[in-house]
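Enquirer: 3D, please:
(3 chains)
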Amino acid sequence: MASPVELLSLSNPVFKSFTFWVGVLVIKMLLMSLLTAVQRFKTKTFANPEDLMSPKLKVKFDDPNVERVRRAHRNDLENILPFFAIGLLYVLTNPAAFLAINLFRAVGIARIVHTLVYAVVVVPQPSRALAFFVALGATVYMALQVVLSAAF
Amino acid sequence: MASPVELLSLSNPVFKSFTFWVGVLVIKMLLMSLLTAVQRFKTKTFANPEDLMSPKLKVKFDDPNVERVRRAHRNDLENILPFFAIGLLYVLTNPAAFLAINLFRAVGIARIVHTLVYAVVVVPQPSRALAFFVALGATVYMALQVVLSAAF
Amino acid sequence: MASPVELLSLSNPVFKSFTFWVGVLVIKMLLMSLLTAVQRFKTKTFANPEDLMSPKLKVKFDDPNVERVRRAHRNDLENILPFFAIGLLYVLTNPAAFLAINLFRAVGIARIVHTLVYAVVVVPQPSRALAFFVALGATVYMALQVVLSAAF
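Expert: Numbering: from 1, shown residues only, chains lettered A, B, ... in the order given. I've put the predicted structure just below:
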């Protein structure tokens, strides 16, 4: 079995692919805050008194455009962040490169699609459900492999 | 001191235990999405117009069964995800195996109990508070050890 | 290039600094739960029937003091947790120590300031926005470096 030295080096194509997709998904997630801010200013929906731009405005919590982006963002927290943890441990189980790289790609692309069809241009179901389940399935598969590697 | 090579290998029982519990908790967390979906379909509570299964339904945000699962899920994000980060760094401080393995077990079991008594079968307090504080206490202890190792 | 053995050792000042700030920020994040609890008891705002301390109380979801701490906490999840993932990968790209250590410091201090001005003593804008963008900018910079290291 390869040692962690080699497994966590960018010369390991599996780790390199993981690193690439974590970087892309972190940037994607952080952009959700800016997307929320854009919707807040467009619809003048601010959650804190100190954020109100004019004394005529009041705090507001129920704008559907703001809440949609916030739901997409929360869904990222629920799905992308666990992937970061399990993906690293999966790399350390020394998986077959072809499978591992395509699992990372599946998660990365599916989560970008999820954001696009949820929070950028609303596309009818089952587009969002499909994107959600591709990423979920790949993450659960990795988690099962990790549990099996560690259990015996 | 042991090198990271040995510390992040499955032949290190501390890392093996950490890996096992991260895998279990990732699967547990991802199941929360499915538990939310079950409650959404049962109570016909959908947050997005494109999710409505019938033209007679309207978006709804205040079903107590859905919101209960969502609060349990958010509590996972707040407590389990920081554990993933600090647990890995704690492994890299080369802690005593007996203590470390039991801390990981405590977090893993306490967070499963937390979900069961919060979102599956509601059990009167202080069951949820106890489960919450066991996991919190173990995580704070690891974080303090990590800060102390890095501060001097 | 240095090997992961050296990069993830506390004798690497970059990793040591990362470890320190992750530990501090994990403790800071976990304290948000206690801060929420303090506000819940102060304002008698409980979200679950089983949490009500007296039969006269009802569940309540809209107390502004509780919601403010919860927004600050959620903002931590959105920003600090991605930093944990990308920071570790950034350490593994073997960055210049001076830059990396100051980026970690910037994130750590900015996120503590963010909590103070948002959830402890409310300070007028742009204090919260500034704290938010310092941490965001540093995290995005690390993510871009990670993507570039992995892409070529």
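Enquirer: residue contacts, A:S127?
Expert: A:113, A:117 (CB atoms under 8 Å, 6 or more residues apart in numbering or on different chains). For every residue, glycine as well, the C-beta is placed using N, CA and C.
Enquirer: Please repeat the previous calculation with a cut-off of 6 Å.
Expert: Shown in contact with A:S127 (CB atoms under 6 Å, 6 or more residues apart in numbering or on different chains): A:V117.
Enquirer: how much space is there between it and chain C?
Expert: Remark: distance between A:S127 and chain C (CB to the nearest CB, to the nearest Å) = 24 Å.
Enquirer: For A:R128, give me its contacts.
Expert: A:117-118.
Enquirer: cool, and A:S9?
Expert: By CB under 6 Å, 6+ apart, the contact list for A:S9 reads C:P4.
Enquirer: Need the phi and psi values for it.
Expert: In terms of degrees, to the nearest 10, the main-chain angles of A:S9 are phi -110, psi 150.
Enquirer: Kindly report the same for A:P95.
Expert: According to degrees, to the nearest 10, A:P95 has phi -80, psi 170.
Enquirer: Next one, pLDDT for it please.
Expert: A:P95 carries a pLDDT value of 96.
Enquirer: Likewise for A:A2?
Expert: Predicted confidence (pLDDT) for A:A2: 67.
Enquirer: Kindly report the same for the one 3 residues further on.
Expert: Reading off the confidence values, A:V5 has pLDDT 70.
Enquirer: in what helix or strand does it lie?
Expert: If you go by DSSP states H and E, A:V5 is part of helix A:4-7.
Enquirer: top helix in chain A by residue count?
Expert: In chain A, assigned by DSSP state H, the helix with the most residues is helix A:13-43.
Enquirer: list the contacts for A:K44?
Expert: Per CB under 6 Å, 6+ apart, neighbours of A:K44: A:L57.
Enquirer: Compute the distance between it and chain B, please.
Expert: For A:K44, the distance to chain B - CB to the nearest CB - is 21 Å.
Enquirer: any idea how far A:P55 is from that residue?
Expert: 13 Å (CB to CB, to the nearest Å).
Enquirer: and A:A119, how many neighbours does it have?
Expert: Burial of A:A119 is recorded as 22 neighbouring residues (other CB atoms under 10 Å in any protein chain shown).
Enquirer: now swap in A:L52 and tell me
Expert: What A:L52 shows, counting by other CB under 10 Å, is a neighbour count of 16.
Enquirer: Name the SS class of the most centrally placed residue in chain A, please.
Expert: In chain A, the residue lying closest to the centroid (CA atoms, centre = their mean) is A:I80, at 3.3 Å. When classified by DSSP: H, G, I helix; E, B strand; the rest coil, A:I80 comes out as helix.
Enquirer: Contacts only, for it.
Expert: A:25, A:111.
Enquirer: That one and B:L30: what is the separation?
Expert: Distance from A:I80 to B:L30, by CB to CB: 12 Å.
Enquirer: again, but for A:L57
Expert: Here A:L57 is placed at a distance of 39 Å from B:L30 (CB to CB).
Enquirer: what does A:P124 give?
Expert: The gap separating A:P124 from B:L30 is 25 Å, by CB to CB.
Enquirer: In terms of packing, which of these two has more residues around it?
Expert: Higher neighbour count among A:P124 and B:L30: B:L30, with 21 against 10, using other CB under 10 Å.
Enquirer: outside of the lowest-mean-pLDDT helix or strand in chain A, which residues touch it?
Expert: Lowest on mean pLDDT, DSSP states H and E among the helices and strands of chain A sits helix A:4-7, with a mean of 80. Helix A:4-7 has contacts (CB under 6 Å, 6+ apart) with A:12, A:91-92, B:5, B:8-9, C:3-5.
Enquirer: Spell out which residues belonging to chain A are near chain C, please.
Expert: A:5, A:8-9, A:16, A:19-20, A:22-23, A:26-27, A:29-30, A:50, A:77, A:81, A:84 (CB under 6 Å from any CB of the partner chain).
Enquirer: I'd like to know which of those are buried.
Expert: Those of these that meet the buried threshold are A:5, A:8-9, A:16, A:19-20, A:22-23, A:26-27, A:29-30, A:77, A:81, A:84, by 16 or more other CB atoms under 10 Å in any protein chain shown.
Enquirer: Quick check: nearest residue in space to A:G87, chain neighbours excluded?
Expert: Using CB to CB, 6 or more residues apart in numbering or on different chains and skipping residues adjacent in sequence, the residue nearest A:G87 is A:F18, 5.2 Å away.
Enquirer: Just list the residues touching the one you found, thanks.
Expert: If you count contacts by CB under 6 Å, 6+ apart, then A:F18 has A:87, A:91, A:104 around it.
Enquirer: where does A:M53 land in three-state SS?
Expert: Strictly by three-state DSSP, A:M53 counts as coil.
Enquirer: State the number of residues packed around it.
Expert: That count, for A:M53 with other CB under 10 Å as the rule, works out to 10.
Enquirer: Which pLDDT value belongs to it?
Expert: Looking at A:M53, its pLDDT stands at 85.
Enquirer: same question, the one 10 residues further on
Expert: Looking at A:D63, its pLDDT stands at 93.
Enquirer: Could you find the closest non-adjacent residue to it?
Expert: A:T45 (4.0 Å).
Enquirer: does that neighbour count as helix, strand or coil?
Expert: coil.
Enquirer: How many neighbouring residues does it have?
Expert: 20.
Enquirer: Equivalent analysis for A:A151, please.
Expert: For A:A151, using other CB under 10 Å, the count is 11.
Enquirer: roughly how far apart are the closest residue to it other than its chain neighbours and C:L8?
Expert: Nearest residue to A:A151, sequence neighbours excluded (CB to CB, 6+ apart): B:F20, at 6.0 Å. The spacing between B:F20 and C:L8, counted by CB to CB, is 21 Å.
Enquirer: list the contacts for A:A110?
Expert: By CB under 6 Å, 6+ apart, the residues touching A:A110 are A:131, A:134-135.
Enquirer: chain center to whatever helix or strand it lives in, what's the gap?
Expert: Element membership for A:A110, per DSSP H and E: helix A:97-115. Distance of helix A:97-115 from the chain centroid (CA atoms, centre = their mean, to the nearest Å) equals 10 Å.
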